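> need a 3D model of the sequence below.
(one chain, ligands or ions: 2)
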Amino acid sequence: MMKRDEMSMAQEELNAALLGFGTVGTGVYKIIQRQRPEMMQKLNTHLNIRSILVRDVKKHQSKVEDPSILTTSFEEILEDPKIDLVIELMGGIEPAFTYIRSAMEAGKSVVTANKDLIAEHGGELFQVAEENHVELRFEAAVAGGIPIISPLKNSLAANEIRRVMGIVNGTTNFILSKMTDEGMDYGDALAEATRLGYAEADPTADVEGYDAGRKIAILATIAFHSRVTFHDVYTEGITRITAKDISYAKTLGRVVKLIALAQNTPDGIEAKVHPMLIPENHPLASVSGSYNAVYVDGDAVEDVMFYGRGAGEMPTASAVMGDVFSIARRIVEHSLGSTRDNVYRNIPVKKIDNTRSSYFIRMVVEDKPGVLATIASIFGNNSVSIEQVIQKNKIGADAELVIITSNVKERHIKDALLILESSSVVRQIATIIRVY
Ligand code: NAP
Ligand code: HSE
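Residues are numbered from 1 along each chain as shown. Ligands and ions are numbered 1, 2, ... in the order given. Next up, the predicted model:
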């Protein structure tokens, strides 16, 4: 470790390169400009953005003080010995994976917000970081501006984490909030989320639950010290949620939220993302707009909740810059360590069929005597008991039925629904939503 007077003579400037200059990249550039007057006091060095990798220089010229820092050549950045740190904010798997790996092999530490990469190739990348004695940090990859990666890895390290649950996608939470609170149409709400910079370049990742799936894979890996990849996570998005479901939820004193859940059970890890009916008085019910919240349940700490902006230019840039500052301090203090991902267990991940939940099932059925009894017996024959039949609205000659089941195995629900679908009394199974 360096003494304080040695530290004060430390590196006069520290240079970073940005890969990608979209929503988050622009936020990072703005924060560095904003923080410039106090950079020396905070970091004991000047932090500069020396290069920005873009695809089209002209498109971005007006956003920077000195357009000569814009480049279309990654090799230029890789070969620049003055660049200590690479901040990847392009997104997607390639070329981001190759760029990050090459940067670390060239001795440069990396900060990224790329959950796709960390959830799919985290293992390989951490190995490269370790082999090359550089840091790889990714706080912004999960829940935007909320500090959750570092608290899980550090502050909660002494806990046996049992469960991580929350709202980890800003776009879908924004859409569901707009649909619930303002009756906004799904398409309009998605367009607004995109305009505000919350949505991914391809918003399918948001609305189909893939983005949240990647985030919960990352959180589960850190929480349980066992590799969980995106492919292990069951994902279901919000595209089938209608205004009608939201209205039924209201009648039931509940709200619809896209929930990501990972828990370590005696027979394996459960990792899933799906819409859920949450009681109106549950703390997650009041998390609206682009806000996210993550609950962590540890054996020592019990419940901790993290809450804040889950997406957007400046909140996400804040998380990126937290990592940048942290690495910069270590570079200045000559205490740069390599990042280890601390995966030392090999716990199986359960198939969704073996998980349990209570279900809200909205269906259109033939409106004649005995139909309810037929439906109840199909559920009963498949080990599904009904807790509530909440509504029966007329739709022409048919009727709409909403059923809430007790807590049952997913496999049993699927079996029952298969039979119901082919039953002559059922016209349509309109929606299935899990209930908290
Ligand atoms: P974005 O607005 O689409 O910006 C990405 C930028 O990267 C674009 O400017 C794009 O260039 C550039 N780019 C893509 N491929 C490139 C390449 N091969 N060479 C050079 N530039 C390239 O995306 P973003 O919202 O800033 O997100 C960036 C990353 O942060 C993603 O991994 C995302 O998942 C993550 N993230 C975003 C948020 C958020 O709220 N937006 C929050 C947390 C994490 P063009 O302009 O030419 O297309
Ligand atoms: N598209 C993501 C979201 C960005 O809406 O949450 C933050 O990771």
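> which positions in the protein make contact with ligand 2?
Within reach of ligand 2 by C-beta under 6 Å from any ligand atom, the chain has these residues: 144, 169, 170, 171, 198, 199, 200, 206, 211, 310, 311. For glycine as for every other residue, the C-beta is placed from the backbone atoms N, C-alpha and C.
> go with 8 Å
Taking C-beta under 8 Å from any ligand atom as the contact definition, the chain meets ligand 2 at 113, 115, 140-144, 168-174, 193, 198-200, 203, 205-206, 211-212, 215, 290, 292, 310-312, 316.
> restrict these to those near ligand 1?
By C-beta under 8 Å from any ligand atom, the members of those lying near ligand 1 are 113, 115, 140-141, 144, 170, 198-200, 205, 211, 290, 310-312, 316.
> if we can go back for a sec, narrow the residues of the chain next to ligand 2 to those in helices?
In helices, defined here by DSSP state H, the members of the residues of the chain next to ligand 2 are 115, 170-174, 193, 205-206, 211-212, 215, 316.
> turn those residues into a markdown table, including pLDDT.
Converted to a markdown table, those look like this (pLDDT from 0 to 100):
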| residue | pLDDT |
| --- | --- |
| 115 | 98 |
| 170 | 98 |
| 171 | 98 |
| 172 | 98 |
| 173 | 98 |
| 174 | 98 |
| 193 | 97 |
| 205 | 98 |
| 206 | 98 |
| 211 | 98 |
| 212 | 98 |
| 215 | 98 |
| 316 | 98 |
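> which one of those is nearest residue 136?
For those, the closest approach to residue 136 (C-beta to C-beta) belongs to residue 115, at 13.5 Å.
> could you list the buried residues of stretch 283-297?
284-285, 287-297 (16 or more other C-beta atoms under 10 Å).
> my read is that residue 426 contacts residue 372, right?
No - counting by C-beta atoms under 8 Å, residue 426 does not reach residue 372; the two are 11.6 Å apart.
> out of these two, which sits in the more crowded spot?
Higher neighbour count among residue 426 and residue 372: residue 426, with 21 against 16, using other C-beta atoms under 10 Å.
> which residues does the more buried one bridge with?
Taking DSSP bridges, one obtains residue 365 as the residues bridged to residue 426.
> with the one 5 residues further on instead?
On the basis of DSSP bridges, residue 431 is bridged to residue 362.
> what's it in contact with, if anything?
By C-beta atoms under 8 Å, 6 or more residues apart in numbering, the contact set of residue 431 is 240, 241, 242, 245, 360, 361, 362.
> do the same with residue 381
With contacts defined as C-beta under 8 Å, 6+ apart, residue 381 is in contact with 416, 419.
> 28 is where my numbering starts, stick with that
In the new count, where the first residue is 28, that last one comes out as residue 408.
> ramachandran angles for it?
As for residue 408, its main-chain torsions (degrees, to the nearest 10) stand at phi -70, psi -20.
> can you read off the pLDDT for it?
Residue 408 is assigned 97 on the pLDDT scale.
> also residue 217?
97.
> how far away is the closest residue to it other than its chain neighbours from residue 339?
Distances taken as C-beta to C-beta, 6 or more residues apart in numbering place residue 202 nearest to residue 217, at 5.7 Å, with adjacent residues excluded. To residue 339, residue 202 is 15 Å away according to C-beta to C-beta, to the nearest Å.
> and the helices in the stretch 278-427 of the chain?
340-359, 398-408 (DSSP state H, counting those that start in this stretch).
> residues contacting residue 105?
Going by C-beta under 8 Å, 6+ apart, residue 105 touches 129, 130, 133.
> ok, the second one - how many residues close by?
Same thing as residue 130. Number of residues near residue 130 (other C-beta under 10 Å) recorded here: 26.
> residues in contact with the one helix or strand it maps to?
Following DSSP states H and E, one finds residue 130 within helix 123-132. Helix 123-132 has contacts (C-beta under 8 Å, 6+ apart) with 46, 101, 104-105, 113, 115, 117, 137, 139, 141, 144, 148, 151-152, 155-156, 159, 161, 163.
> what residues are up against the residue nearest to residue 217?
213, 216, 217, 220, 234, 265.
> if I look at it, how far off is residue 420?
The value you get for residue 202 to residue 420, if C-beta to C-beta is used, is 25 Å.
> pop the domain breakdown of the chain in here.
31-171+341-359, 180-336, 379-462 (automatic domain parsing).
> any chance of these in TSV with distance to residue 372 as columns?
Converted to TSV, those look like this (distance: least, C-beta to C-beta, whole Å):
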stretch	distance to residue 372
domain 31-171+341-359	13
domain 180-336	4
domain 379-462	19
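> find the nearest non-adjacent residue to residue 377, please.
Once flanking residues are discounted, residue 377 sits nearest to residue 295: 4.2 Å by C-beta to C-beta, 6+ apart.
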